[in-house]
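*Asks:* no sequence on hand, only this structure:
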């Protein structure tokens, strides 16, 4: 049995000795890398530099080539908003009660979506907890809690969808 173990482990020992770098070689490579970076200067940006900088739009649309020739360096500004479309149906004033019911439904939909987001975040946290635990008893507990949260999430998604449909149906009724 000892001979089999020695025969199996001896090649592994030789491979590890041959493939590993010595500490001296690593130190030489690090010195070379630092020597290459020694002449270069790094840029340090401070808070005062940020205060001095001007705010510019994140996206600018370049002019066409002919317009660039006329005014080089200029960027095209977006045109004014398109004219508002007049609805084909007659506009009615919404009563206070109708407005209250719409706002109530909108709040219900927002709460349902918030609960869905909260449960989704909780499941992600539980999954992360599951994969970082070492003992199996706690993994079982985390897995059970994840399953219960998943069932709650399914119900919350159904409630959110139902609230969304109610809101859109109510809006459609108000338009008619």
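*Replies:* Ah, there it is. No experiment lies behind these values; they were computed from the predicted model shown. Numbering: from 1, shown residues only.
*Asks:* so where's the chain uncertain?
*Replies:* The model of the chain has pLDDT under 70 over residues 17-21, 55-96, 98, 133-137, 176.
*Asks:* can you rerun that using 90?
*Replies:* For the chain, applying pLDDT under 90 flags the ranges 1-27, 34-115, 117-147, 149, 153, 160, 163-176.
*Asks:* can you pull out the helices in it?
*Replies:* 2-19, 23-38, 47-52, 65-70, 96-132, 136-175 (DSSP state H).
*Asks:* what is the longest one packed up against?
*Replies:* For helix 136-175, the contact count by 3 or more CB pairs under 8 Å, 6 or more residues apart in numbering; DSSP states H and E identifies helix 96-132 as packing neighbours. In short, each C-beta sits where N, CA and C put it, glycine included.
*Asks:* what angle separates the helix it packs on from helix 136-175?
*Replies:* Helix 96-132 runs at 160 degrees relative to helix 136-175, counting by axes from the mean of the first three to the mean of the last three CA atoms, to 10 degrees.
*Asks:* may I see the buried residues of helix 96-132?
*Replies:* Neighbour counts over helix 96-132 (16 or more other CB atoms under 10 Å) mark 101, 105, 108-109, 112-113, 115-116, 119, 122-123, 126, 130 as buried.
*Asks:* hmm, which two among these are most spread apart?
*Replies:* Pairwise distances across the buried residues of helix 96-132 (CB to CB) peak at 43.1 Å, for the pair 101 and 130.
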